[in-house]
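> this one's sequence-less:
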């Protein structure tokens, strides 16, 4: 993004970005995956690749608030078995960005999200969620963790769209609401921090993008507070339905934009 793009954002455009930033905060403390709508808004107001760089610091701000809110509920064994696969996905995503244009990126991520939402819905018809995460020592559990980890790293690198992927994984693993939020909070914070040097190296984060972040970051806080208020008023079944619905909406948006 250049200074011409930055200073020529209209008032309506900035208002849309502010609303999308508020939704980032809400998604971090309430319905993970809802920020796929924010991705579409940012990509509509800003150049698609530039919007990716602007979003990363805002996502980190939301992650910090989510960690402060749900840190006691994180399940670290799940995180440790995901991180190696996520690292592979981040490298693949960086290589993909060096080759692919915006249209290819959006179509690829949208298709992946819709496919994984379909798989999750199918699995929910055949298995019931439990109060504890699934066993980590099973072969199928390890394969699933690696598969989702690579896809999560890939999608978060190329389009900041790793949230829905990991949300589907945590739901399929049987996480309840607070465990889901606590585990995902640490996951997103660590992964988004790791993404910063990759994004800067690709020219997606620079002084101009950080200046816009400075103007928008204050809107993360009310969104996070709204999410914290709302999550205790959403039962487990509705919570899971909202996460899956947000994933499907995000996938369709990426395919159509």
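Structure received. What you are looking at is a predicted structure, and each value in this text was computed from that prediction instead of being measured. Residues are numbered from 1 along each chain as shown.
> My read is that residue 198 contacts residue 90, right?
Yes - contact criterion CB atoms under 8 Å: residue 198 and residue 90 qualify, at 6.5 Å. All C-beta spots, glycine's among them, are computed from the backbone N, C-alpha and C.
> who has more neighbours, these two?
residue 90 (22 against 17; other CB atoms under 10 Å).
> next one: phi and psi at the more buried one?
With angles defined as degrees, to the nearest 10, residue 90 sits at phi -60, psi -40.
> now it, nearest residue through space, not along the chain?
residue 153 (4.3 Å; CB to CB, 6 or more residues apart in numbering).
> Tally up the residues packed near that neighbour, please.
Neighbour number of residue 153 under other CB under 10 Å is 29.
> check contacts around it.
By CB atoms under 8 Å, 6 or more residues apart in numbering, the contact list for residue 153 reads 85, 86, 87, 88, 89, 90, 91, 92, 93, 162, 191.
> So residue 190 versus residue 184, what's the distance?
11 Å (CB to CB, to the nearest Å).
> Out of these two, name the residue with the larger neighbour count.
Between residue 190 and residue 184, counting by other CB under 10 Å, residue 184 is the more crowded of the two (27 against 16).
> right, and the more buried one touches residue 167 too?
Yes - if you go by CB under 8 Å, residue 184 and residue 167 touch, sitting 6.9 Å apart.
> check which helix or strand covers the residue nearest to residue 35 when sequence neighbours are not counted.
Using CB to CB, 6+ apart and skipping residues adjacent in sequence, the residue nearest residue 35 is residue 27, 3.9 Å away. Taking DSSP states H and E as the criterion, residue 27 maps to helix 11-29.
> list the buried ones in that helix?
16-18, 20-29 (16 or more other CB atoms under 10 Å).
> Residue 77: which of those residues is nearest?
Residue 77 has its nearest neighbour among the buried residues of helix 11-29 in residue 28, at 22.2 Å by CB to CB.
> Based on its surroundings, how many neighbours for residue 214?
10.
> How about residue 222?
For residue 222, the count of nearby residues is 13 (other CB under 10 Å).
> That one and residue 22 touch, don't they?
Yes - at 6.1 Å, residue 222 counts as touching residue 22 under the criterion of CB under 8 Å.
> contacts for stretch 8-24?
By CB under 8 Å, 6+ apart, stretch 8-24 touches 34-35, 37-38, 41-42, 44-46, 55, 58-59, 62, 212, 215-217, 219-220, 222-223, 226.
> change it to 6 Å
35, 37, 38, 41, 42, 45, 58, 62, 216, 219, 220, 223 (CB atoms under 6 Å, 6 or more residues apart in numbering).
> Which residue, other than its chain neighbours, is closest to residue 51?
The shortest distance from residue 51 to any non-neighbouring residue, by CB to CB, 6+ apart, is to residue 42 (3.8 Å).
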